[in-house]
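>>> just need the structure, nothing else, for what follows:
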Amino acid sequence: MGKVQWVPWWWVAAGAGGLVAIGAAVPLSPTARALGLAYLVVSTVLLTVGLRRRGALRFGPANAVTATRSMFVGLVTALTVAALEGAASTVLFVTLVACALVLDGVDGYVARRTASESELGARFDMEVDAFLLLVLCVYDVRHVGWWVLSIGLMRYAFVVAGVVLPWMRHTLPPRYWRKVVTAVCGIALTVVAAQVLPPEANLAVAAAALLLMLESFGRDVTWLVRLNLSGRALVSLEKASTTSPPPESR
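Below is the predicted model:
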């Protein structure tokens, strides 16, 4: 078990090396390096705690893919800070984000092919997705305005709502549409970051991503409200889990 807990830290080391390599092409301030590394360390600490609590005996190939994607997110975080400080490298930023988005479609496939699906793996995947969207929104603020942050902050607002309202913490039934919306929003925000479209088109793309995210979260909130009002389960999560991925929590 002890060895498993140390496995994720290899990706922190790789990410630190990546920051050094990126620094040779883009001037990264100490703040940019620190925040990129901070994401890698904090996310790995949380993952390690999850592995310990669940008594995991192996890290698994799917988690390895997600950890690689998380490493890219750490590098993208540093580049976002650099861009806000005036040292933008659009090509490098978009390339790293594209790698992270491609791997998002790989980890689930690997988990199914290797029969290594787990609640922890699904949660790890979801949190990496959420943070990547937030970083993309921060990067795109310069192009479409501060309102784009609402896309990336929606997931965290949902978590805060669960702290205030206990009924918001109920496990949601599996729904593949969530992954679709996350992927589409990631692609849309990357297109905006690439600046290949006119300003008006960038606004339209970002607005469409916001509407998609509102629809997805709105559907889940509606389900939770109905569940709370009815006082009983609206779906059988046990039955759903036999034919679908592990139950999800926003």
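>>> when you work out contacts or count neighbours from here on, use the C-alpha atoms and nothing else.
Noted.
>>> now the helices: where do they sit in the chain?
With DSSP state H as the criterion, the chain has helices at 2-6, 9-23, 30-53, 61-84, 90-113, 119-144, 149-164, 176-194, 199-230, 237-241.
>>> minimum distance to His170: which of those helices has it?
Closest of those to His170 is helix 199-230, at 7.3 Å (criterion: C-alpha to C-alpha).
>>> so for that closest one, what gets flagged as buried?
Of the residues in helix 199-230, 202-203, 205-207, 209-210, 212-214, 216-217, 220, 223-224, 227-228 count as buried by neighbour count, 16 or more other C-alpha atoms under 10 Å.
>>> name the helices or strands packed onto it?
Secondary-structure packing of helix 199-230 (3 or more C-alpha pairs under 8 Å, 6 or more residues apart in numbering; DSSP states H and E): helix 119-144, helix 149-164, helix 176-194.
>>> out of the helices of the chain, deepest packed?
helix 61-84 (a mean of 25; mean count of other C-alpha atoms under 10 Å).
>>> you'd agree Asp125 is up against Thr66?
Yes: with contact defined as C-alpha atoms under 8 Å, Asp125 reaches Thr66; the gap is 6.1 Å.
>>> overlap of the contact sets of these two?
Here Asp125 and Thr66 share the contacting residues Asp104, scored by C-alpha atoms under 8 Å, 6 or more residues apart in numbering.
>>> can you pull the pLDDT of Gly2?
Note on Gly2: pLDDT of 59.
>>> okay, the helices of the chain in JSON lines with distance to His170 next?
Formatted as JSON lines, the helices of the chain follow (distance: least, C-alpha to C-alpha, whole Å):
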{"stretch": "helix 2-6", "distance to His170": "28"}
{"stretch": "helix 9-23", "distance to His170": "32"}
{"stretch": "helix 30-53", "distance to His170": "19"}
{"stretch": "helix 61-84", "distance to His170": "25"}
{"stretch": "helix 90-113", "distance to His170": "23"}
{"stretch": "helix 119-144", "distance to His170": "15"}
{"stretch": "helix 149-164", "distance to His170": "9"}
{"stretch": "helix 176-194", "distance to His170": "16"}
{"stretch": "helix 199-230", "distance to His170": "7"}
{"stretch": "helix 237-241", "distance to His170": "11"}
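>>> quick check, central residue of the protein?
The structure's the chain has its C-alpha centroid closest to Asp129; by C-alpha atoms, centre = their mean the separation is 1.4 Å.
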